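Engineer: Here is a sequence with its predicted model. Questions after.
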Amino acid sequence: MALDDLTDIAFFVSLVDAGSITAASRRLSVSSAAVSRRLAKIEERLGIGLIIRNTRHFHLSDSGQIYYDGGLKIVEENERLESEVIQSDQSLKGSLSIGAPLELGRHKLAPFIASFFEKHPQLQLNLAVASEGSYDFDDYLDIIIRLGLPDSNGAIVTKIATTVKVLCASPEYIEKNGEPLTLEDLQKHTCLCLRRYKSMEVINQWVLENETTSHVVSVQPALSSNNAEIVHDWALSGEGIAYKLYSDAYESLRNGNLIRILPQYKGESVPLYAVLPSRNHIKKSVRLLLEELKIYIKNTVEFYQ
């Protein structure tokens, strides 16, 4: 559709809405003769009369009604689009509360949220960190970043990334106790385990697989906690071997404070999700934060994709 066609449509809708050529001339700030000439050119271009008029009556022909009805939709859509573009350029305001697991929230999300605030300084951002599963939307959170699918029904879930678990220990532990060379060797070592937040069930069934086989290794925890950061600190201080999320252990592995154990094996895959309470009430700030968070994790946070 040519640009002139669009302006003709907008002109014709304004003319019909005005109710007469005289009224349209006042609305458009042009002469009645100019309005009549513009209308005549449109009808000539289309090859059909759009308005039936005489000295006392002004009404649409059948074709004119079709042209008006379709044109009105185009004009309204154009106005909606322009309004959306204008609003998209306005600063985000209000508040946004995010819930996240303690270790992920502290080490990965906190820097991201700080940078997001720098872009949107009029937006009040709140980060609530807690043990996995110990918060919900009754806590007035707008979005929850969590590992694994939620138990609640009706929530809107968006997958952000996927990581895996890996075995790791400190150089001091390996120097003192030796390095496991087989999965069976894990039974002889001190193992550090997580416990589920509410049930306190120990997670001591470690799934490990290589390119050809998958194994479930049962270990006896010497130390255990329902807090992943505590388990991480125990591993750093040389207390034992931990079964950690690669995304959480990455920095310690990179700087040598932890060493990957049995690197030919990787643990179970763990997806990272964003959970929203309802699709009908998703804030603009939530949508934008999610878009930028996906890019941030892909580019700066070490996940196995």
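Structural biologist: Right, received. Where do you want to start?
Engineer: Within the sheet, what are the partner strands of the top strand by length along the chain, with directions?
Structural biologist: Across the chain, the longest stretch assigned as strand under DSSP state E is strand 156-169. Strand 156-169 pairs in its sheet with strand 241-245 (antiparallel), strand 259-261 (antiparallel), strand 269-276 (antiparallel), by DSSP bridges.
Engineer: from the middle of its chain, how far away would the shortest one be?
Structural biologist: What it means is strand 259-261. 32 Å (CA atoms, centre = their mean, to the nearest Å).
Engineer: Check the last one too.
Structural biologist: Distance of strand 269-276 from its chain centroid, counting by CA atoms, centre = their mean, is 11 Å.
Engineer: ok, and what's touching that strand?
Structural biologist: 104, 142-150, 155-165, 245, 247, 282, 286, 290, 293, 297, 303-304 (CB atoms under 8 Å, 6 or more residues apart in numbering). Bear in mind the C-beta positions are built from the backbone N, C-alpha and C, glycine included.
Engineer: switch to 6 Å and redo it
Structural biologist: 143-147, 150, 155-164, 282, 290 (CB atoms under 6 Å, 6 or more residues apart in numbering).
Engineer: average pLDDT across the helix ranked longest in the chain?
Structural biologist: Assignment by DSSP state H gives helix 62-88 as the longest helix of the chain. Taken as a whole, helix 62-88 has a mean pLDDT of 82.
Engineer: So which residues of the stretch 1-150 of the chain form strands?
Structural biologist: 51-53, 58-60, 94-101, 123-130, 143-147 (DSSP state E, counting those that start in this stretch).
Engineer: Give me the neighbour count for G64.
Structural biologist: 19 (other CB atoms under 10 Å).
Engineer: let me redo that: R146
Structural biologist: Residues near R146, counting by other CB under 10 Å, number 21.
Engineer: and if you look at I113?
Structural biologist: By other CB under 10 Å, the residues close to I113 number 20.
Engineer: do I203 as well
Structural biologist: 15.
Engineer: Number the residues from 882 up from this point.
Structural biologist: Shifting the count to begin at 882 puts that one at I1084.
Engineer: That one bridge partners, please.
Structural biologist: Applying DSSP bridges, one finds that I1084 bridges with L1075.
Engineer: L1073 is in contact with that one, correct?
Structural biologist: No: I1084 lies out of contact with L1073 (CB atoms under 6 Å); the separation is 10.7 Å.
Engineer: So which bits of the longest strand of the chain are buried?
Structural biologist: Within strand 1037-1050, the residues that qualify as buried are 1041-1042, 1044-1050, counting by 16 or more other CB atoms under 10 Å.
Engineer: quick one, it and strand 1024-1028 angle?
Structural biologist: 40 degrees (axes from the mean of the first three to the mean of the last three CA atoms, to 10 degrees).
Engineer: Would you mind writing the CA trace of strand 1037-1050 as CSV?
Structural biologist: Extracted C-alpha coordinates of strand 1037-1050, given in CSV (Å, rounded to 0.1, in the frame of the first residue of the first chain):
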residue,chain,number,x,y,z
ILE,A,1037,3.2,-19.1,33.8
VAL,A,1038,6.6,-20.7,33.3
THR,A,1039,9.4,-19.5,31.0
LYS,A,1040,12.6,-21.5,30.6
ILE,A,1041,15.7,-19.3,30.7
ALA,A,1042,18.6,-21.7,30.5
THR,A,1043,19.8,-25.2,31.5
THR,A,1044,22.8,-26.1,33.6
VAL,A,1045,24.1,-29.5,35.0
LYS,A,1046,25.6,-30.7,38.2
VAL,A,1047,29.3,-31.6,38.5
LEU,A,1048,31.5,-33.1,41.1
CYS,A,1049,34.1,-30.8,42.7
ALA,A,1050,36.5,-30.5,45.6
